[in-house]
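**Q** pasting the structure only:
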């Protein structure tokens, strides 16, 4: 699936809290648009402002709109660039790893040592 146009994302951002235009039954399918908007810096800021307004005044909005904004805000928060451009943050999923012939799937992490350090002392602006 190709990336939606900027105009389409802008229209979605304008209307995603309107349950008459986008009914509650479509809420599970909106994640694709949330992610596409989060990739665009300008739209991400607009979405963040709109969701913040909704989440600050919960009583003025339906539970479905609050749910959408909560989900959207989580996606937006995940796409915020790190404060240090030289810091690489990544996750690796090894659950499906099958190319370890000597070890069983339950043994491949037995020798893993995780060390928690405060990286701010090693990163300079």
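**A** Looks like it came in fine. Just so you know, these numbers come straight off a predicted model, no measurement behind them.

**Q** what about residue 38, how many residues nearby?
**A** For residue 38, the neighbour count with other Cβ atoms under 10 Å is 20. Every C-beta, even on glycine, is put in place using the N, C-alpha and C of the backbone.

**Q** ok, then the element right after the helix or strand harbouring it?
**A** Using DSSP states H and E, residue 38 maps to helix 31-39. Following helix 31-39 in sequence order, the next helix or strand is helix 41-56 (DSSP H and E).

**Q** tell me what the helix holding residue 38 is packed against?
**A** Under the contact definition 3 or more Cβ pairs under 8 Å, 6 or more residues apart in numbering; DSSP states H and E, helix 31-39 sits against helix 6-15, helix 41-56, helix 63-78.

**Q** list of residues touching the second one?
**A** Contacts of helix 41-56 with the rest of the structure, by Cβ atoms under 8 Å, 6 or more residues apart in numbering, involve 6, 9-10, 13, 17, 34, 37-38, 61, 65-66, 69-70, 72-73, 76, 79.

**Q** again, but for the first one
**A** In this structure, residues lying in contact with helix 6-15 by Cβ under 8 Å, 6+ apart are 4, 21, 22, 33, 36, 37, 40, 43, 46, 47, 50.

**Q** got those residues as a markdown table, with neighbour count, distance to residue 56 and pLDDT columns?
**A** As requested, these are exported to a markdown table (neighbours: other Cβ atoms under 10 Å; distance: Cβ to Cβ, whole Å; pLDDT from 0 to 100):
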| residue | neighbour count | distance to residue 56 | pLDDT |
| --- | --- | --- | --- |
| 4 | 15 | 28 | 83 |
| 21 | 12 | 23 | 93 |
| 22 | 18 | 22 | 92 |
| 33 | 19 | 22 | 92 |
| 36 | 19 | 25 | 91 |
| 37 | 25 | 20 | 92 |
| 40 | 17 | 23 | 88 |
| 43 | 18 | 20 | 92 |
| 46 | 15 | 16 | 93 |
| 47 | 24 | 15 | 93 |
| 50 | 17 | 11 | 92 |
